[in-house]
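Student: Provide a 3D model corresponding to the input given below.
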Amino acid sequence: MIRQQFDQILTELEINRLANDETRQVPLFQPTEVAVTVTYISANGASPLASRQGIERTHPQTEIRFTNGPGAGKADQDQAPGVPLPSGTARVYQADSTGSPRLIGEDRIPHTPVGETVKLQTGRAFDITIERRQTAFSRLDADQKLFESAYAITVKNAKTREAKVRIVESLPGDWEILSENTPHQKPTANRAVWPLTVPAGGEVNLTYTVRVRL
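Tutor: Sure thing, here's the model as predicted:
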C-alpha cells in the first residue's frame, strides 16, 4: 500500500520527459504551515549500581514532531502536507534576527504515509543545560543484588521561551522509585521518564530515589 502511494505521487510529478543525463528538481507539495511539538530529551543511564562523585553536565537532544495528514495544520487547510513523504533528509530552518532562514538541524525520515507522525532529531540544545548529581548510594545486602541510589537533577533553560524537557532514565533489573518530587512515567520495563516544563530563563529541580534488585 505504501509503495502504491509513492508510485502514484511520483507519477504525478512526471510532467515532462527528462533528457539524457538531465537532473530536475520538482516540489512534492506546496509550502504549508504544520503544527509541530518541540521536546528536549535527556536520555541517560542512571547507573544506580555504583557510587559516583561530582556533577555531570549535558545538553538534551532536540526532537520535533508533526503529523503528516489532514488536520495537521491550520483549521482551514485540508492537508498538511497530507501526501506520502518519501524517505530522505529533512532539513529544519529558523528565521534569524534579520528574517533570513538559518539551518538549525537535519535528520533522515523513513517513508511516511498519510496519517503517520514524523519525528526529527535535529541536534543538541546548548541553551538548555542538565546538571546531574548522585546524592546517596548504598548496597543493602551482602550478595550485592540490592541497591539504593538518590539523584538531584537541575534543568536550566537559557531560552526566551519555556521548554518541554523529558528526563529519561534507563534503570536495570527490578526497580522501584521510592521517592520523587515529580511523578514519573514508565513507558517500558527499563525506563523511567519525568516530563518537565522549564520556564524561560529559569530552572527546575528533579529529585528521586530508586531501589534496584538484580
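
Student: any low-confidence regions in the protein?
Tutor: Applying pLDDT under 70 to the chain picks out residues 1-18, 70-80.

Student: find the residue at the geometric middle of it.
Tutor: By Cα atoms, centre = their mean, the chain has its centre lying nearest to E63, at 3.1 Å.

Student: which helix or which strand is home to that one?
Tutor: strand 61-68 (DSSP states H and E).

Student: break this protein down into its domains, please.
Tutor: Here the domain parsing of the chain from automatic domain parsing is 1-20+28-34+66-121, 46-60+125-213.

Student: mind putting the ones you listed in CSV, mean neighbour count and distance to Y40 included?
Tutor: In this view, the C-beta of every residue, glycine as well, is placed from N, C-alpha and C. Converted to CSV, the domains of the chain look like this (neighbours: other Cβ atoms under 10 Å; distance: least, Cβ to Cβ, whole Å):
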stretch, mean neighbour count, distance to Y40
domain 1-20+28-34+66-121, 13, 11
domain 46-60+125-213, 15, 4
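
Student: which residues does P199 contact?
Tutor: Counting by Cβ atoms under 8 Å, 6 or more residues apart in numbering, P199 touches 157, 162.

Student: quick revisit: show me what the residue nearest to the centre of the chain is bridged to.
Tutor: T39, Q121 (DSSP bridges).

Student: isn't it right up against T117?
Tutor: No - counting by Cβ atoms under 8 Å, E63 does not reach T117; the two are 11.2 Å apart.

Student: re earlier: mind listing what the residue nearest to the centre of the chain touches?
Tutor: 38-41, 119-122.

Student: quick one: it and T122, what's the gap?
Tutor: Applying Cβ to Cβ, to the nearest Å, the value for E63 to T122 is 8 Å.

Student: I figured I177 hits H184, correct?
Tutor: Yes - using Cβ under 8 Å, I177 is in contact with H184, at 5.8 Å.

Student: so what sits against both of the two?
Tutor: Joint contacts of I177 and H184 (Cβ under 8 Å, 6+ apart) are 192, 208.

Student: give me the residues contacting stretch 35-47.
Tutor: By Cβ under 8 Å, 6+ apart, stretch 35-47 touches 58, 60-67, 72-74, 80, 125, 128, 130, 132, 149, 151, 155, 163-171, 210.

Student: next, P86: phi, psi?
Tutor: phi -70, psi 160 (degrees, to the nearest 10).

Student: still on that earlier bit, just the contacts of E63 now: which is nearest R52?
Tutor: I41 (21.6 Å; Cβ to Cβ).

Student: in the helix or strand containing the closest one, what counts as buried?
Tutor: In this assignment (DSSP H and E), I41 forms part of strand 37-45. Along strand 37-45, these residues count as buried under the neighbour rule (16 or more other Cβ atoms under 10 Å): 39-42.

Student: just send the residues you listed back as TSV, with distance to A19 too.
Tutor: As requested, the buried residues of strand 37-45 are exported to TSV (distance: Cβ to Cβ, whole Å):
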residue	distance to A19
T39	46
Y40	47
I41	47
S42	51
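
Student: which one among these gets closest to S51?
Tutor: For the buried residues of strand 37-45, the nearest to S51 is S42 (21.6 Å; Cβ to Cβ).
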